[in-house]
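Visitor: quick one: sequence and predicted model below, then my questions.
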Amino acid sequence: MRRIAFINEKGGTGKTTLAVNTAAWLARARGLKVLLVDLDTQGHAGKSLGLDVRALPRNVFHLLTDDAVRLEDVLQPSSLEGLSVLPAYKQMADFPLQVAGEARRAHRLAERLAPAEALGFDVLVFDAPPSLGLTTRNILVASTEVVVPVALTYFALDGCAEVADTVRQVAEAEGCPGLRITKVVPTLSRRTALATAIHERLAAYFPDTLATTPLGYNVKVDEAQSHGQTIWEYAPRSTGARTLAAIAAEIFDGAPAPQRIRKSKAPRVA
């Protein structure tokens, strides 16, 4: 069972868009049974698939903090065959406090998701909150592959370097030797000198893992989310659909390369 986490400490990088549509593509194009796990207090992954996350009696928080709640009790179906959602909402803000006293607090998510493989899931896709706290640490322990969406903006390189350092530290501290960044996806791509310069720096800094397909702004993708649909339900022939399909295929099919990340700070764009 592959376990792919979409992580960036900064918001507005297209992380949820990539996580949701990659999960949907795997179910739709590959016929896989996929579980999309939302760990963000905003609940945007569930909302993007048409769920009223505010009205649900239980969500991922209850699974993580109450041993009487089973994974099957929290799973929500989506409109796409093969794609299920483990939704989140504001209660997730209390999760770090709830487990702060536990010795294996960073392993809570992995342990509670252990039944997923027995339930027939082929892939877990995690949508992380925009922070590098205990919730994200849990996601890293529960994952084996990390995808980092990086907006082509001035501070993107610093944030990306911090994610890379966190992945390395968690792998060492929590006994996860296989944990690695397998893809860095440029987002908010546009034809400006600054975006081009940042893209070139990313290519130099992540020579083995930078995705060849960047994600630019596409109005159809935004419209699809506002309708609670994936891009393939809303506008399957749009440029956004083709771009997201190419990125999803690269994430899933690209041969994971050994991580080669310098430990020094990311280079700045002059």
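Guide: Great, that's in hand.
Visitor: name every strand pairing with the helix or strand containing residue 147 and say which way it goes.
Guide: In the assignment (DSSP states H and E), residue 147 maps to strand 145-151. Using DSSP bridges, the strands paired with strand 145-151 are strand 2-6 (parallel), strand 180-189 (parallel).
Visitor: now the helices for the stretch 1-150 of the chain?
Guide: Assigned helices in the stretch 1-150 of the chain, in chain order: 15-30, 44-48, 60-65, 71-74, 95-98, 108-112, 134-142 (criterion: DSSP state H, counting those that start in this stretch).
Visitor: what does the stretch 151-270 of the chain give?
Guide: Secondary structure of the stretch 151-270 of the chain (DSSP H, counting those that start in this stretch): helices located at 156-173, 193-205, 219-226, 231-234, 239-253.
Visitor: picking that back up, need the contact partners of the strand holding residue 147.
Guide: 2-8, 10, 12-15, 18, 22, 140, 156-157, 159-160, 163-164, 167, 179-188, 202, 215, 251, 256 (C-beta atoms under 8 Å, 6 or more residues apart in numbering). The way it works is simple: take the backbone N, C-alpha and C, and place the C-beta from them, glycine included.
Visitor: I'd like the average pLDDT over that strand.
Guide: With pLDDT averaged residue by residue, strand 145-151 scores 94.
Visitor: figure out how far that strand is from the centre of its chain.
Guide: 7 Å (C-alpha atoms, centre = their mean, to the nearest Å).
Visitor: swap in stretch 187-198?
Guide: Distance, centroid of stretch 187-198 to centroid of chain: 22 Å (C-alpha atoms, centre = their mean).
Visitor: report the buried residues of that stretch.
Guide: 187, 188, 189, 195, 198 (16 or more other C-beta atoms under 10 Å).
Visitor: before we move on, the earlier item: and residue 233, which of the helices of the stretch 1-150 of the chain is closest to it?
Guide: helix 15-30 (8.2 Å; C-beta to C-beta).
Visitor: from the middle of its chain, how far away would the closest one be?
Guide: For helix 15-30, the distance to the chain centre is 10 Å (C-alpha atoms, centre = their mean).
Visitor: identify the residues contacting stretch 174-182?
Guide: Under C-beta under 8 Å, 6+ apart, the answer for stretch 174-182 is 4, 106-107, 137, 140-141, 143-148, 163-164, 167, 170-171, 206, 209, 251, 254, 256-259, 261.
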